[in-house]
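Visitor: need a 3D model of the sequence below.
(2 chains)
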Protein chains: 2
Amino acid sequence: MAGVDASESIHPFIPADLILQDYVPIILSQSTILSVYGCASLLVVSFVWILAGRFRRITKLDKVLMCWWVFTGLTHMILEGYFVFTPEFFKQTSPTYLAEVWKEYSKGDSRYVGRDSAVVAIEGITAVLEGPACILAAYAIATRKSYSHILQIAIALGQLYGTAVYFVTSYLEGDNFAASPFYYYSYYIFANSFWVWIPSLIVIRSWKKICAAVDNTQEHKKTKTR
Amino acid sequence: MAGVDASESIHPFIPADLILQDYVPIILSQSTILSVYGCASLLVVSFVWILAGRFRRITKLDKVLMCWWVFTGLTHMILEGYFVFTPEFFKQTSPTYLAEVWKEYSKGDSRYVGRDSAVVAIEGITAVLEGPACILAAYAIATRKSYSHILQIAIALGQLYGTAVYFVTSYLEGDNFAASPFYYYSYYIFANSFWVWIPSLIVIRSWKKICAAVDNTQEHKKTKTR
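Guide: Have a look, this model is predicted:
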């Protein structure tokens, strides 16, 4: 073929032979990108914590869960939603913060910038279905809806399933998408681990609550029919 | 490169340039493959139906659901499990029935014979986690366990999530993996549709049951505290 054009090949991602035509380098520093995300998340969590306190008979754990659901829901809808619906984010000449986030994260997993179809499919389902459902979960906890636990399990299982497909597809394709071990462990492993252990804990807790409610109903029925 | 070797290129799948070294053609006819699956399934369903009748206070719908869970569980474990753990099924010179099934199905979606990583990841999760869970679901219905509905929702949502990733990844990659419109609609669309509408109905039913149980418990508590 033709000789490799400079505009196609200069990028910090692995595999190095990944072709990204018109790639525009990252402008923001890693610390800027992370602190904007951190501060925005802190603001959201503080706001939800205060708001949650205004509901009747709400426990501390309920408040923590509401903060998690709003935080993860907004992450799904805004960050992941931007990725899903902006295939050419790495070409943006007037760079936006969200494009910078995904260029930075792609150092940990270049399948994002390379637009791997499994990653796009998982992120699409997460952004479009799970994101709004997370906000609904926070509302359901606050207003003590009867579907609160089952909704939380449904979303958490979706997050776990998505993360499983995400890791397994990478493993099957050789697990060679990180620019360095630092990015591999900090972005790919550490950052994603929150979407493994938090949903797992939520599934376990809500599963027990539902079983207790069903048990209760069955015993109540037995008492009645005696 | 070197000229295309006959052993690499002659297969009935689309895209035609998919390279399958040492591909061994299908021996069994479509009708044989389908009728073996149909008869085996009928046997399983009949056996479960009779067995289910021996449990106390079991409704007709419970029996139908038990048949579904055992049928889909065995399909996940045996058919899909074979696919996951036999990467070279299309090379088998002494062909087994299961290898023939996947060669035949690949006419509807060549990503199976081409070992697409998203397909392998989904099938792996389905065969290893969901398969055994389906058998547990049948047992939970029969023995009226308190986790029966929540387990059914968890598996059904997993099946729906898997099917969603399965269809979306194909769409993102151009949706051109079927040997003909006949195979596209009969295998890829029609056969898979059962794992869309049946899990959907199960989720709706069990969701309502759980909400009713939680409502009951909450009302019961209110009555007590009054």
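Visitor: residues in contact with the helix or strand where A:Ala118 lies?
Guide: Secondary structure assigned from DSSP states H and E places A:Ala118 in helix A:117-125. Applying Cβ atoms under 8 Å, 6 or more residues apart in numbering or on different chains, the contact partners of helix A:117-125 are A:80, A:83-84, A:109, A:111-112, A:158, A:162, A:165-166, A:169, B:117-118, B:121, B:161, B:164-165, B:168-169, B:172-173. Quick note: C-beta positions are derived from backbone N, CA and C, even for glycine.
Visitor: and the following helix or strand past that helix, what does it pack onto?
Guide: Moving toward the C-terminus from helix A:117-125, the next helix or strand (DSSP H and E) is helix A:131-142. Applying 3 or more Cβ pairs under 8 Å, 6 or more residues apart in numbering or on different chains; DSSP states H and E, one finds that helix A:131-142 makes contact with helix A:60-74, helix A:148-172.
Visitor: output the ones you listed in JSON lines, with mean neighbour count and distance to B:Asp215 appended to each entry.
Guide: Below are those laid out as JSON lines (neighbours: other Cβ atoms under 10 Å in any protein chain shown; distance: least, Cβ to Cβ, whole Å):
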{"stretch": "helix A:60-74", "mean neighbour count": "19", "distance to B:Asp215": "18"}
{"stretch": "helix A:148-172", "mean neighbour count": "22", "distance to B:Asp215": "11"}
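Visitor: which one of those lies nearest to chain B?
Guide: Closest to chain B of the helices and strands packed on helix A:131-142, according to Cβ to the nearest Cβ: helix A:148-172, at 3.9 Å.
Visitor: for whichever helix or strand comes after the closest one, buried residues please.
Guide: In the C-terminal direction, the helix or strand that comes right after helix A:148-172 (DSSP H and E) is helix A:181-183. Within helix A:181-183, the residues scored as buried using 16 or more other Cβ atoms under 10 Å in any protein chain shown are A:Tyr183.
Visitor: can you check stretch A:16-33 too?
Guide: Judged by neighbour count using 16+ other Cβ under 10 Å, the buried positions of stretch A:16-33 are A:18, A:20, A:23-24, A:26, A:28, A:33.
Visitor: with B:Tyr183 as the reference, measure out to the residue nearest to the spatial centre of chain A.
Guide: In chain A, the centroid-proximal residue (Cα atoms, centre = their mean) is A:His76; its distance is 5.2 Å. Separation of A:His76 from B:Tyr183 (Cβ to Cβ, to the nearest Å): 36 Å.
Visitor: ok, A:Glu219 next?
Guide: 53 Å.
Visitor: could you do A:Pro25 as well?
Guide: 46 Å.
Visitor: over to A:Leu136?
Guide: 40 Å.
Visitor: now do A:Thr59
Guide: Counting by Cβ to Cβ, the gap from A:Thr59 to B:Tyr183 is 55 Å.
Visitor: what's the closest non-adjacent residue to A:Gly53?
Guide: Once flanking residues are discounted, A:Gly53 sits nearest to A:Lys63: 6.9 Å by Cβ to Cβ, 6 or more residues apart in numbering or on different chains.
Visitor: ok, the one you found touching A:Ile50?
Guide: No. Using Cβ atoms under 8 Å, A:Lys63 makes no contact with A:Ile50, being 9.6 Å away.
Visitor: give me the neighbour count for the nearest residue to A:Ile14 once chain neighbours are set aside.
Guide: Distances taken as Cβ to Cβ, 6+ apart place A:Ala179 nearest to A:Ile14, at 5.1 Å, with adjacent residues excluded. By the criterion of other Cβ atoms under 10 Å in any protein chain shown, A:Ala179 has 18 neighbours.
Visitor: cool, the one 10 residues further on as well?
Guide: For A:Ile189, the number of neighbouring residues by other Cβ under 10 Å comes to 14.
Visitor: for A:Glu123, same thing?
Guide: Applying other Cβ under 10 Å, I find that A:Glu123 has 21 neighbouring residues.
Visitor: next helix or strand past the helix or strand of chain A with the lowest mean pLDDT?
Guide: Within chain A, no helix or strand scores below helix A:6-9, which has a mean of 50 by mean pLDDT, DSSP states H and E. Following helix A:6-9 in sequence order, the next helix or strand is helix A:30-52 (DSSP H and E).
Visitor: alright, that wraps it up for me.
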